[in-house]
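Enquirer: Give me coordinates for this.
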Amino acid sequence: WNLFLYLACLRAGIVYVPLNPDFKPAEAMPILSDVEAAVIVCDARVAGDARALAAGTPTRVLTLNADGTGSLADLPAGDCHPDGTVSKDDAAAIIFTSGTTGRPKGAVMPHGHLAQKARALVQALGWQPSDRLLHAMPLHHAHGLFMTTHCVLCVGASMLLAKRFEAGEVVA
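Expert: Residues are numbered from 1 along each chain as shown. Sure, this is the predicted structure:
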């Protein structure tokens, strides 16, 4: 579901901030406080942790489970405004560094940058509509979310998303 949520955010002009789903609350807290998130969307299993992180802030916590159920899916259709107006310089996403040299730092990814990178990779790698990608990279990582996914979308190729990278499964 997170890929569709990401694409919906792009379309609506909402800045998407992907987080590693395995983050502990202490790892997510500095990121959430830096971006001043308006909404956290998470699986219902971690909604309690998300609500604790959002306590005392105006951040709203919505759930979206792997089967498509959750409070986000239950919102009335009138609450949805899918078409935003964005320019190439507007922020599309903020991706955070791993924090290996200190606190994680956010890198703003403008819409135009993501589109230009995808076009350049499509040309350099010769992507074709007939290509099929086995996508086994994490979708909270810049390469897994932006580069490969955008290349597939640019040319109309197809993609099979693996739940996790499992070497034997990928080789098979």
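
Enquirer: what about L114, distance to H150?
Expert: Per CB to CB, to the nearest Å, L114 is found 6 Å from H150. C-beta coordinates here come from the backbone N, C-alpha and C atoms, glycine included.

Enquirer: the helices in the protein, which residues?
Expert: 2-12, 25-35, 47-54, 111-125, 142, 148-155, 167-171 (DSSP state H).

Enquirer: Out of the ones you listed, flag the one nearest L133.
Expert: Nearest to L133 among the helices of the chain is helix 148-155; the distance by CB to CB comes to 5.5 Å.

Enquirer: buried ones in that closest one?
Expert: T148, T149, H150, C151, V152, C154, V155 (16 or more other CB atoms under 10 Å).

Enquirer: if we take those, which one ends up nearest to V61?
Expert: T149 (25.6 Å).

Enquirer: Surely the closest one touches L161?
Expert: No. At 9.3 Å, T149 and L161 do not qualify as touching, with contact defined as CB atoms under 8 Å.

Enquirer: Common neighbours of these two, please.
Expert: L3, H135 (CB atoms under 8 Å, 6 or more residues apart in numbering).

Enquirer: now the helices of the chain in a markdown table, with distance to P18 and mean pLDDT?
Expert: Shown next, in a markdown table, are the helices of the chain (distance: least, CB to CB, whole Å; pLDDT from 0 to 100):
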| stretch | distance to P18 | mean pLDDT |
| --- | --- | --- |
| helix 2-12 | 7 | 89 |
| helix 25-35 | 10 | 86 |
| helix 47-54 | 14 | 91 |
| helix 111-125 | 13 | 95 |
| helix 142 | 9 | 85 |
| helix 148-155 | 11 | 93 |
| helix 167-171 | 22 | 89 |
